[in-house]
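Novice: Sequence plus predicted model, see below.
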Amino acid sequence: MNSSNLLIYLVLNLLSSAFLALFILRAFRANYFNPVVKFFVTYFENPKQKLLPFLPALVSSLLLALVFKFMANSFIYDVQNYYKVVVFSLVGLINLFFRLIFYIVVASVILSWVARGSRHPMIDLVNEISDKSLAPIRSIIPSFGGLDFTPIFLILILNYANSVMIDIVRMLAQNI
């Protein structure tokens, strides 16, 4: 892969990640008045609405993330086999979603030790998304004497989902 293809691959993956971040912000209904959320909405919502005005915001941001991931992967994989590129793009996007949620939860745990009570917009956003992703587990597992074990359970679930995605990619790579 030459340097121009690598640069195009990196830019397309960055755009895919940005639209996936917009999807996460929409899916978890992050506070619109947060400056980080405003940045993503300002710079990525307008092009999305111009490209796909007929789809809901959540669906169109996920679809654009998949399209950019497909375009990036088409530089790596054989262009003749579109099925393989679509499947790898979809699995890669799902894997990236799980990894982003994993890093957000880990960052929230670390920030709860280090920056307790801080009012930085990025810390607020990390805590907001982490709390909303941990809410279903917190409804099942109570805290034990002030200790919250739900991040451990979510991290285990996300790692299991990540290993399943890797097994799917391995299986597809052997079959295709």
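Specialist: Nice, I can see it.

Novice: can we go C-alpha only for contacts and neighbour counts from here?
Specialist: OK.

Novice: Return the residues in contact with R26.
Specialist: If you count contacts by Cα atoms under 8 Å, 6 or more residues apart in numbering, R26 has them with 57-58.

Novice: Show the backbone phi and psi for it.
Specialist: Dihedral pair for R26: phi -70, psi -40, per degrees, to the nearest 10.

Novice: Equivalent analysis for L147, please.
Specialist: According to degrees, to the nearest 10, L147 has phi -100, psi 130.

Novice: how many neighbours does it have?
Specialist: L147 has 8 neighbours, counted by other Cα atoms under 10 Å.

Novice: does it have beta-bridge partners, and which?
Specialist: Under the criterion DSSP bridges, L147 forms beta bridges with F144.

Novice: okay, and the helix or strand of this protein with the least pLDDT?
Specialist: Lowest on mean pLDDT, DSSP states H and E among the helices and strands of the chain sits helix 46-51, with a mean of 74.

Novice: which parts of it are buried?
Specialist: The neighbour-count check on helix 46-51 (16 or more other Cα atoms under 10 Å) flags K48 as buried.

Novice: could you say what helices and strands that helix packs with?
Specialist: helix 57-74 (3 or more Cα pairs under 8 Å, 6 or more residues apart in numbering; DSSP states H and E).

Novice: Centre of the chain to the helix it packs on, how far?
Specialist: 12 Å (Cα atoms, centre = their mean, to the nearest Å).

Novice: One more: stretch 110-123?
Specialist: On Cα atoms, centre = their mean, the centre of stretch 110-123 falls 21 Å from the chain's centre.

Novice: residues of it that come out buried?
Specialist: Residues of stretch 110-123 classed as buried: 111, 123 (neighbour count, 16+ other Cα under 10 Å).

Novice: quick thing: my sequence starts at 56, can you match it?
Specialist: Yep, numbering from 56; the last one is stretch 165-178 now.

Novice: got the contact list for it?
Specialist: Residues outside stretch 165-178 that contact it (Cα under 8 Å, 6+ apart): 89-91, 163.

Novice: what do you get for stretch 199-219?
Specialist: 150, 153-154, 157, 160-161, 164, 189, 192-193, 196-198.

Novice: now those: which count as buried?
Specialist: 150, 153-154, 157, 160-161, 164, 189, 193.

Novice: In helices only, show me those residues.
Specialist: Counting by DSSP state H, those place 150, 153-154, 157, 160-161, 164, 189, 193 in helices.

Novice: Tabulate those residues in CSV, adding columns for distance to L117 and pLDDT.
Specialist: Shown next, in CSV, are these (distance: Cα to Cα, whole Å; pLDDT from 0 to 100):
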residue, distance to L117, pLDDT
N150, 13, 88
F153, 14, 91
R154, 16, 91
F157, 19, 93
V160, 21, 94
V161, 24, 94
V164, 27, 91
L189, 22, 90
R193, 27, 88
